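In: Sharing a model that was predicted from the sequence below.
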2 protein chains.
Amino acid sequence: MAMASATASVTGVCLAAKRAARPLASCDSAVKHAALEAIAAALELRTDEVLQANAQDMELAREADIGAALIDRLRLDSERVAGIAHAVRQVAALPDPVGEVIEGRRLANGLELRKVRVPLGVIAVVYEARPNVTIDAAALCLKSGNAVVLRGSSAARNSNAVLAEIAAEAAVAAGLPEGCVGLVSGGGHEELAELSRQSATVDLIIPRGGERLKEALQQSATVPVIYAASGNCHVYVDAAADLEQAEAIVVNAKVQRPGVCNAAETLLVHEAVAERFLPRVLGALDAAGVRLRADERTRALAGRGLAPEPAGEEDWASEYLELTLAVRVVDSVEEAIEHVGQYGSGHSEAIVTRDTAAARAFQRGVDAACVYVNASTRFTDGGEFGMGAEIGNSTQKLHARGPIGLRELCTFKYLVEGDGQIRL
Amino acid sequence: MAMASATASVTGVCLAAKRAARPLASCDSAVKHAALEAIAAALELRTDEVLQANAQDMELAREADIGAALIDRLRLDSERVAGIAHAVRQVAALPDPVGEVIEGRRLANGLELRKVRVPLGVIAVVYEARPNVTIDAAALCLKSGNAVVLRGSSAARNSNAVLAEIAAEAAVAAGLPEGCVGLVSGGGHEELAELSRQSATVDLIIPRGGERLKEALQQSATVPVIYAASGNCHVYVDAAADLEQAEAIVVNAKVQRPGVCNAAETLLVHEAVAERFLPRVLGALDAAGVRLRADERTRALAGRGLAPEPAGEEDWASEYLELTLAVRVVDSVEEAIEHVGQYGSGHSEAIVTRDTAAARAFQRGVDAACVYVNASTRFTDGGEFGMGAEIGNSTQKLHARGPIGLRELCTFKYLVEGDGQIRL
């Protein structure tokens, strides 16, 4: 059984995962599918055990007074456990990325070349309070043929221990190799630093957390890291925008789920439509409970009853993750692109326009994972993009950019077959 | 002009490259093509200038007594300059990777999604003595729409300065943005460390050098690095091998160009054919001037007149890069896979066999960039693979694995177009 006991070392868990990685990489899709179905079934069967462990975490959390928001993220009930099991079955139903021929050709000398998707090997996932990530991450990693090392928050220690045990036992019983699901948990920064230096066994670390986690890893990591990072996203309403469409998109991008990384944080409005557009959109945002912070030109046009606070440099750089929006008037699509280039985090950016030239300039000029024309930034999501479930969203440019789905948890190798070819 | 003068700071050169990156990313293929043609023409026109600067470097190198091998790598003559110009024209003729639609689909809500290849931005290339890399790297980076920061060896300082000046002047005259080719050179380890921390402006560092360069960068780099790394490559001759084919492949993989990363360093032979195969292959290798280091079973079967030295742990781990080969007898394809897993560097591995089951087991079980069946490891090369010129070979698993060609110098973005879609 691949669970880390209280005494299991980080190195030991990673080594066990490394040993599991090679047989796991060769597992047939059917075996991986059966393992995920077994995990889902075991979660349902052992719901009481999960809830008992979670109750312990909740009690400790209340004693430690960690705050209502964190406590809600920590809390499980039978409905939430059923939801986790359902999510595992959805991952099980996705196509297996391993073995997919990405491209191939016959070379001039008769060699047959195929570039084939294969697992990365061992993936460590570092996350914060929510215990459902324990299962989500395990399901995505196993489905993509990777062994997984989980490192959750100490606040969810008891929940995570039971969840990881359920996943590991069910996976191994279904035929996956021992060690394929490992858990390290309970330690502090030293544990994280130790995990981030396991380059002999771990192929990738995916941290799901805030800037503090990122900074801690940047200090210590020798293992490659893909940061599932923050999003400072913009909606730019162009001179040629359909203003009704623009209003709906701005409100949706800000309000529909403000706490996520693809929500909008800044609205840019072309000066040619500012006078007509700002009063209506700011009124709608205000009605939806959005606090506004704006530049001088916006404040002058805000309309009756609205007095946005002045926005400063720190507002353009902020990822509010709440019902606050920064607003600025710009003179051109070029100035909007400049603003996005200066302050954006490379996540999701939108232009609203009917002008093909403006759309083209924005799509070419903005350097971000996802660039939208006439749509909300909120669609940046593996599920929405048809990639299936995701483990996070990458704002870096190497390997994975945008949603990190099953394919992004893989690498590839070139398979080359001949009949004695030598190089002349 | 984008040349670094003696006083230009690393930060200054990188910042100029960053400023060039956005307009460069939007440059049409025709402009980039014209720029590369202009660089080739300027090299031909200014050959005397290049050779004068190179003569200065050669004189300093002789005074510093850096050794005949390094001096040969440093040396340019009019034929070599013509060769560099020819290589630039070959890169110019390759298809432009930028703008290629990697995949795309219409989503359920009508959004049109395209995943489109775009430049990374600014690429720093760090290399050793050979001055031709200055132009090769600049050509590959510009063709893929990236600004480039070059950091050559101080031994080639004068040659590199003229070559980078020629490339930068010709590129800018042909319409590429100022700063698109930058050079930092002459400093020591501090300069390299400073370059490796320019994460605000540089998107990727590609070091072309040995283990010492890799270690230096691992200590300091905050910029992502793709190591164009070493190759400890194996040929495994299976029980079911065609022994004539096997002999040709082994000799080719070792002898054809022993100083490169895809040359073989260890031969593994299945015990069932060891007695028949070893005398003939070791004789052929010996005749080709190869020194042999072997395990006990091999030494016992080596045949008359051949007395390989005993191989130790360090031989299995060595990348000789010269006419030396380690040889070992194994009991099974599984043992060969284990050996490769333990000692291989994940570069290029070959099996010689007529047995489909053994071929399949080896291709699945070996975790390397390129896995060959019945062919020499020497084919791992961007040109051979139909990818065009390469800037190196990656043995890491993230982003680029195997040959690093034009596509691997790019990232992608998702372009999403709609008519007012919002998320429900």
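Out: All right, it came through fine.

In: Pull out the buried positions in whichever strand or helix holds A:Ile337.
Out: Here A:Ile337, judged by DSSP states H and E, is contained in helix A:333-343. Neighbour-count burial for helix A:333-343, with 16 or more other Cβ atoms under 10 Å in any protein chain shown as criterion, is recorded at A:333, A:335-337, A:339-340, A:343. Placement of C-beta: from N, CA and C, glycine included.

In: Packing partners of the helix or strand of chain A with the lowest mean pLDDT?
Out: Across the helices and strands of chain A, the lowest-confidence element by mean pLDDT, DSSP states H and E is helix A:211-220, at a mean of 83. Applying 3 or more Cβ pairs under 8 Å, 6 or more residues apart in numbering or on different chains; DSSP states H and E, we find helix A:211-220 packed against helix A:189-195, strand A:204-208.

In: And chain B, is the first one touching that?
Out: Going back to what we said before, that points to helix A:189-195. No. On the criterion Cβ under 8 Å from any Cβ of the partner chain, helix A:189-195 is out of touch with chain B, staying 15.9 Å away.

In: who's in contact with that helix?
Out: When contacts are defined by Cβ atoms under 8 Å, 6 or more residues apart in numbering or on different chains, helix A:189-195 is touched by residues A:10-11, A:14, A:124, A:126, A:149, A:151, A:184, A:187, A:202, A:205, A:216-217, A:219-220, A:223.

In: could you redo the last one with a cut-off of 6 Å?
Out: A:10, A:124, A:151, A:220 (Cβ atoms under 6 Å, 6 or more residues apart in numbering or on different chains).

In: same thing with stretch A:395-411?
Out: By Cβ under 6 Å, 6+ apart, the list of residues contacting stretch A:395-411 reads A:97, A:117, A:119-120, A:143-144, A:146, A:226, A:229, A:345-347, A:369-370, A:382, A:385, A:387-388, A:390-394, B:120, B:203, B:224, B:397-399, B:401, B:411, B:414.

In: follow-up on the earlier one: can the helices and strands packed on helix A:211-220 go into TSV with extra columns for mean neighbour count and mean pLDDT?
Out: As requested, the helices and strands packed on helix A:211-220 are arranged in TSV below (neighbours: other Cβ atoms under 10 Å in any protein chain shown; pLDDT from 0 to 100):
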stretch	mean neighbour count	mean pLDDT
helix A:189-195	16	91
strand A:204-208	23	93
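
In: Check the offset of the host helix or strand of A:Phe362 from the chain's centre.
Out: Using DSSP H and E, A:Phe362 maps to helix A:356-365. In terms of Cα atoms, centre = their mean, to the nearest Å, the centre of helix A:356-365 is set 27 Å apart from its chain centre.

In: now do stretch A:183-195
Out: 21 Å.

In: picking that back up, so which of the contacts of helix A:189-195 wins on neighbours?
Out: A:Ala124 (30 neighbours; other Cβ atoms under 10 Å in any protein chain shown).

In: what's near enough to touch the residue in the stretch 1-150 of chain A that chain B sits nearest to?
Out: Nearest residue of the stretch 1-150 of chain A to chain B (Cβ to the nearest Cβ) works out as A:Ser26 at 4.9 Å. By Cβ under 6 Å, 6+ apart, the contact set of A:Ser26 is B:Arg364.

In: ok so A:Val269 is a helix residue?
Out: No. Under DSSP: H, G, I helix; E, B strand; the rest coil, A:Val269 sits outside any helix and is assigned strand.

In: Double-check it against A:Tyr236; I have them as touching.
Out: No. Judged on Cβ atoms under 6 Å, A:Val269 makes no contact with A:Tyr236 at a distance of 7.8 Å.

In: before we move on, the earlier item: hmm, who's touching the next helix or strand after the helix holding A:Phe362?
Out: Using DSSP H and E, the helix or strand that follows helix A:356-365 towards the C-terminus is strand A:370-375. Outside strand A:370-375, the residues within contact range by Cβ under 6 Å, 6+ apart are A:348-352, A:359, A:363, A:380, A:402, B:111, B:414-421.

In: Using PyMOL, define a selection of the buried residues within those residues.
Out: In PyMOL syntax, the buried subset of those is picked out as below (16+ other Cβ under 10 Å):
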select buried, (chain A and resi 348+349+350+351+352+359+363+380+402) or (chain B and resi 111+414+415+416+417+418+420+421)
